[in-house]
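Novice: Need a 3D model of the sequence below.
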Amino acid sequence: MREDYAWNHIILEAHDASKDLGVPAIGMEDGYVLFSTAFLTATRFGCLKAMDAGAGVGFSTVWIAKAILESGVDGNVYAVEKNIRRFRRLKELVAKYRLEHLITPVNGDALKYVGKVTGLNLVFMDIEKEQYLEFFNLIKSRILTGGVIIAHNVKHPYGAIADFLNEASDGIWRTAIVPTGAGVSISVKMG
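Specialist: Numbering: from 1, shown residues only. Purely as a prediction, here's the structure:
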């Protein structure tokens with residue numbers, strides 16, 4: 001029970017920090033979708049190597065980290081944020097709660113950082129919406145078979161979101177959209 005309280009506290013602190021900086025954070029219902037998908041992916045693989053592209057101050061990142069811890073597997077989340085103010089708050093949150101064993105904060109552009117990682121089995125994408133298709137095309141070969149790409153803000157496809165959803169529903173990819181307030185897509189690499 002105490003551990004649940006601690007995670008709830010961390011999640012709420014990250015959410016409040018997002019509001020303080022004017023960062024449009026994912027909603028709580030999106031967080032539950034992210035946590036559930038990360039938890040199931042972690043248990044399926046026996047580990048979780050994840051990336052949070054557009055991590056902000058860490059609200060979405062802590063949901064993934066919580067899934068790693070609660071699933072009982074080894075894992076790490078690369079929390080990539082290019083905005084320096086947001087990155088500093090993310091890094092402070094990780095240090096304050098001693099989450100370095102679960103979260104690696106990265107100050108950089110997710111589109112450039114993607115070339116530095118391989119063997120991912122979960123990616124959460126919440127970057128600039130016009131970059132979704134480009135990012136998907138860069139990351140898809142770095143996802144293990146059975147791995148998942150989760151994208152935020154897909155309920156009203158604008159920018160490159162519609163093209164991303166078409167691409168992520170073709171060939172070896174299967175995509176479902178969870179109808180949360182903003183819409184969350186879950187794309188699984190089938191082969």
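Novice: ok, now which ones touch Leu21?
Specialist: Contacts here follow CB atoms under 8 Å, 6 or more residues apart in numbering; on that basis Leu21 touches 57, 85-86, 89. Yep, even glycine has a C-beta here, placed from its N, CA and C like the rest.
Novice: Quick check: Pro157 touching Leu165?
Specialist: Yes: under the criterion of CB atoms under 8 Å, Pro157 makes contact with Leu165 at 6.2 Å.
Novice: What pLDDT is listed against the residue most central in space within the chain?
Specialist: The chain has Phe124 as the residue nearest its centroid, 2.7 Å off, counting by CA atoms, centre = their mean. In this model, Phe124 is scored at 98, pLDDT.
Novice: which residues of the protein fall in strands?
Specialist: 47-53, 74-81, 103-107, 120-125, 143-152, 173-178, 184-189 (DSSP state E).
Novice: on contacts alone, who are the packing partners of the third one?
Specialist: Secondary-structure packing of strand 103-107 (3 or more CB pairs under 8 Å, 6 or more residues apart in numbering; DSSP states H and E): helix 59-71, strand 74-81, helix 84-96.
Novice: could you give the mean pLDDT of it?
Specialist: 98.
Novice: winner for burial among the helices and strands packed on strand 103-107?
Specialist: Counting by mean count of other CB atoms under 10 Å, helix 59-71 has the highest mean neighbour count of those, with a mean of 26.
Novice: In the protein, where's the longest helix?
Specialist: The longest helix of the chain (DSSP state H) is helix 2-21.
Novice: quick one, which of Pro157 and Leu165 is more surrounded?
Specialist: Each of Pro157 and Leu165 has its neighbours counted (other CB atoms under 10 Å); Leu165 has more, 21 against 18.
Novice: if I read this right, the more buried one contacts Thr175, doesn't it?
Specialist: Yes: using CB under 8 Å, Leu165 is in contact with Thr175, at 6.3 Å.
Novice: who touches both of these two?
Specialist: With CB under 8 Å, 6+ apart as the test, Leu165 and Thr175 both reach Ser185.
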